[in-house]
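J.: dropping a prediction and its sequence here:
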Amino acid sequence: MPDRIYADLHVHTTYSDSTFTPAQVVDRAAWLGLNVVAITDHDTIDGVEEARREAAGHGIEIVAGVEISTYHGSEEFHIIGLYVDTSNSEFVERINLMNRARLERIHEMIDRLKEMGVELAADDVMELSQGSSPGRLHVAQALLNRGYIHALPEAFARYLGDRCGGFVPKRYMTVQESIEAVRSAGGVSILAHPGLTNRDDYIPRFREMGLDGLEAFYPSYSEYDQSRYLSIANREGMLASGGSDCHGQRRNDIMLGRVLVPEPFVKKIIQAVASIDEPDKDTEETR
């Protein structure tokens with residue numbers, strides 16, 4: 001661990017829905033002076049090792065992470081796993097199953113869009129995701145490329161938003177299952193951007209399930225939001241994390257390093273990981 005920590009603990013790559021490859025993330029992090037970066041792609045850990053190979057010559061620690069799509073009741077929440085063991089075969093298989101479910105969801109979206117008069121092929125979307133973890137942003141980009149919309153936000157307003165005809169809900173893993181999966185892989189579970197879901201009433205319940213922390217540092221938060229989530233984390237005895245949620249050029253207003261997690265909070269996360277009993281491993285490799 002470096003003497004001073006400059007950490008962005010929520011970053012995406014082309015392995016999910018960012019335009020930045022893992023190597024580009026590392027190069028930008030080095031240019032910005034970051035030395036701890038968590039790769040937290042949606043429902044995949046495939047980009048972690050590539051980022052680590054690139055980071056070896058830059059003095060940057062790559063934290064193995066993942067942003068897991070989950071549900072509780074009828075509502076969707078995202079759980080971020082940090083410091084997960086990418087050699088844990090059971091965890092890897094769970095994530096791979098979710099990635100396959102993503103592919104099925106894309107096909108169902110395309111079918112629904114066809115009913116709305118939108119002709120889109122699965123290949124149009126898969127090419128954009130480079131065969132990895134496809135999502136709504138890739139469908140939106142395909143709609144833009146085909147001329148059905150003039151800007152990405154229009155896709156969600158007309159076709160892909162939660163109340164639109166092309167929307168298909170995610171039914172991958174419950175919140176509790178995701179928390180248990182992350183813990184089994186030796187990581188800590190973080191509720192992603194609770195300020196966007198606006199269901200703070202669920203946080204104590206998720207804490208009872210074993211949730212370790214929540215994102216108190218996030219680009220769209222006001223000072224009041226940040227203070228509120230730091231207060232909730234303190235009250236519930238939880239960790240505080242966060243980061244830029246960088247998706248590359250698809251979201252130019254939220255770039256790598258825009259939000260960093262202050263050093264004391266990063267150290268608490270590291271201490272929490274160290275206190276977790278070592279999970280069973282198939283190899284002697286460490287995280």
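T.: That came through fine.

J.: C-alpha only now, for contacts and for neighbours.
T.: Fine.

J.: give the contact list for residue 96.
T.: Counting by CA atoms under 8 Å, 6 or more residues apart in numbering, residue 96 touches 43, 44.

J.: wait, residue 185
T.: By CA under 8 Å, 6+ apart, the residues touching residue 185 are 84, 85, 86, 88, 91, 279.

J.: same deal with residue 72?
T.: With contacts defined as CA under 8 Å, 6+ apart, the neighbours of residue 72 are 174, 175.

J.: now it: how far from residue 204?
T.: Residue 72 sits 13 Å away from residue 204, going by CA to CA, to the nearest Å.

J.: and residue 268, which helix or strand is it part of?
T.: Using DSSP states H and E, residue 268 sits in helix 263-275.

J.: which strands and helices sit next to that helix?
T.: Under the contact definition 3 or more CA pairs under 8 Å, 6 or more residues apart in numbering; DSSP states H and E, helix 263-275 sits against strand 188-191, strand 239-242.

J.: that older thread, between the contacts of residue 185, which has the most around it?
T.: Greatest neighbour count in those, by other CA atoms under 10 Å, goes to residue 84: 27 neighbours.

J.: run a quick check on residue 161 versus residue 167, I expect a contact.
T.: Yes: Residue 161 sits in contact with residue 167 when judged by CA atoms under 8 Å, with a separation of 6.0 Å.

J.: so how far is stretch 224-239 off the chain centroid?
T.: The gap between where stretch 224-239 is centred and where its chain is centred comes out at 20 Å by CA atoms, centre = their mean, to the nearest Å.

J.: and the contacts of it?
T.: Counting contacts by CA under 8 Å, 6+ apart, the residues outside stretch 224-239 that touch it are 190, 195, 204, 207, 211-218, 240, 265, 268-269.

J.: taking those together, which two end up most distant?
T.: 195 and 268 (21.8 Å; CA to CA).
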